[in-house]
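[1] Sharing a sequence plus its predicted fold:
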Amino acid sequence: MNSPVLDKIKGGLIVSCQALKEEPLHSSYIMSRMAYAAYLGGAVGIRANTVEDITEIKKVVDIPIIGIIKEVYGDCNVYITPTMKEVDALVECGVDIIAIDSTRRERPNGENLDDFFKEVRAKYPDQLFMADCSDYEEGMHAAEIGFDLIGTTMNGYTEYTKGVELPNIELMKKLVEDTKKPVIAEGGIWTPEQLKAAMGAGVLAAVVGTAITRPMDITKRFVAAIQDK
Ligand SMILES: CC(=O)N[C@H](C=O)[C@@H](O)[C@H](O)[C@H](O)COP(=O)(O)O
């Protein structure tokens with residue numbers, strides 16, 4: 001697929017700059033500084049949550065943005081850009097790629113992914129969409145129904161993938177080979193070596209979040225290392 005956005009992120013590092021309400025760095029200003037730091041450090045793209053954060057981030061960096069809106073509907077487990085409302089808001093604020101939960105789990109209002117994405121695609125034929133998947137079948141399915149990019153984002157975070165070792169390089173490899181779509185490596189990349197391994201799997205680009213932008217979790221890892229017996 002020819003796309004200037006995909007050309008810009010090809011072979012590079014995308015930094016996820018997210019802090020939910022309950023996280024210590026929850027602030028659009030702080031996320032914009034994180035994004036600026038990532039940009040200065042050589043990131044080729046930013047993944048960000050909410051219109052507020054994305055708007056601030058766009059003021060300071062001019063690199064492709066993967067936009068999401070995390071929204072929980074009742075006791076539904078699908079929370080990454082789950083309905084048209086979030087898609088509309090992301091298109092309106094202007095992002096290069098919109099990521100959507102593409103797991104087989106039940107969506108809000110019992111809607112299924114195929115019908116939902118058909119509607120999304122009909123409404124926004126020229127927008128790039130990334131499928132946040134949790135396993136091989138979901139990646140293959142998302143490719144079939146027309147997602148532009150396939151991501152491993154949800155691997156390890158659905159009930160049926162809980163406990164897998166991240167980053168899941170094997171899954172990345174298989175999705176690269178079989179979907180014939182650009183794959184984005186995402187989830188659990190903590191070290192430069194893991195990032196290199198992900199790129200070696202043939203993915204288009206890789207997203208690193210927590211290891212760069214969540215200091216509380218980074219601190220916990222250091223503390224755990226000295227508490228180990
Ligand atoms: C499962 C889920 O909700 N993942 C979220 C998706 O946007 C983010 O919280 C992650 O930080 C992001 O995927 C990057 O992954 P990691 O932080 O492991 O580098």
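    Received the coordinates, thanks. Residues are numbered from 1 along each chain as shown.
[2] Once you drop chain neighbours, what's closest to the residue nearest the centre of the chain?
    What sits nearest the mean C-alpha location of the chain, by C-alpha atoms, centre = their mean, is residue 153, with 5.6 Å. Excluding the flanking residues, the one nearest residue 153 by C-beta to C-beta, 6 or more residues apart in numbering is residue 132, at 3.8 Å. Any C-beta I mention is one placed from the backbone N, CA and C, and that applies to glycine too.
[3] Could you verify my assumption that the one you found touches residue 101?
    Yes. Between residue 132 and residue 101 there is a contact at 5.1 Å, judged by C-beta atoms under 8 Å.
[4] Mutual contacts of these two, please.
    Residues touching both residue 132 and residue 101 by C-beta atoms under 8 Å, 6 or more residues apart in numbering: 80, 154.
[5] one step back: relative to the ligand, how far out is the residue nearest to the centre of the chain?
    As judged by C-beta to the nearest ligand atom, to the nearest Å, residue 153 and the ligand stand 5 Å apart.
[6] residue ranges of the helices in this protein, please?
    Listed in chain order, the helices found in the chain under DSSP state H are 4-9, 28-40, 51-60, 84-93, 113-123, 136-144, 169-179, 192-200, 210-213, 215-227.
[7] Can you add distance to the ligand and mean neighbour count and give these back as a markdown table?
    Shown next, in a markdown table, are those (distance: least, C-beta to the nearest ligand atom, whole Å; neighbours: other C-beta atoms under 10 Å):
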| stretch | distance to the ligand | mean neighbour count |
| --- | --- | --- |
| helix 4-9 | 15 | 16 |
| helix 28-40 | 12 | 19 |
| helix 51-60 | 12 | 19 |
| helix 84-93 | 13 | 17 |
| helix 113-123 | 17 | 15 |
| helix 136-144 | 13 | 20 |
| helix 169-179 | 13 | 19 |
| helix 192-200 | 10 | 16 |
| helix 210-213 | 3 | 19 |
| helix 215-227 | 8 | 10 |
